[in-house]
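[1] Give me the fold of what follows.
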Amino acid sequence: MDIEEAIRTFYEGMSTGETDFADELIANDYEDIPLMPGQAGGPDGFKNTVAYLRSVFPDLTMTVEDVIISGDRAAVRSTARGTHRGEFLGVPATGRQVEFAAFDFHHVVDGKFRTSWHLEDNFNLLAQIDR
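    Numbering: from 1, shown residues only. Got it, this is the predicted structure:
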């Protein structure tokens, strides 16, 4: 699987909650930076992160807007959309529809994600749920 196909599979898993691919595409020593409190690395850490996000936003969809690949690195701009149905960053469920941007940089070696650095627009997200 090439890097772009791996990237699209990664984000599709967040949209569907189907993370069976993680054991094949996520390295055992995978680092997700920054980690959420209590999050582990590796495939299980990724699966737990997806499960958590989908518990907060059960209808979460991730739309990949741009992918730029350079060697074994990929930059991704995506848009997340969903309904706030669980506590997030101390804010109880509001039932509000949200949309926010995410920017990620991935290091993919031999078809496996080794490291992901990410930045979500949590300021915009909080403005939508904490009114």
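
[2] List the buried residues for stretch 60-76?
    Of the residues in stretch 60-76, Leu60, Thr61, Met62, Val64, Val67, Ala74, Val76 count as buried by neighbour count, 16 or more other Cβ atoms under 10 Å. Every C-beta, even on glycine, is put in place using the N, C-alpha and C of the backbone.

[3] I figured the fifth one hits Glu5, correct?
    Spelled out, it's Val67. No: judged on Cβ atoms under 8 Å, Val67 makes no contact with Glu5 at a distance of 10.3 Å.

[4] which residues in this structure form strands?
    Taking DSSP state E, the strands of the chain run over residues 26-33, 61-70, 73-83, 97-109, 112-120.

[5] And the longest one, what does it pack against?
    To tie it back to what came earlier, the one meant is strand 97-109. helix 3-16, strand 73-83, strand 112-120, helix 122-129 (3 or more Cβ pairs under 8 Å, 6 or more residues apart in numbering; DSSP states H and E).

[6] contacts for that strand?
    3, 6-7, 10, 27, 57, 62, 72-84, 113-122, 124-125, 128-129 (Cβ atoms under 8 Å, 6 or more residues apart in numbering).

[7] Now which of the residues you listed would you call buried?
    Judged by 16+ other Cβ under 10 Å, buried ones among these: 3, 6-7, 10, 27, 57, 62, 74, 76, 78, 80, 82-84, 113, 115-116, 125, 129.
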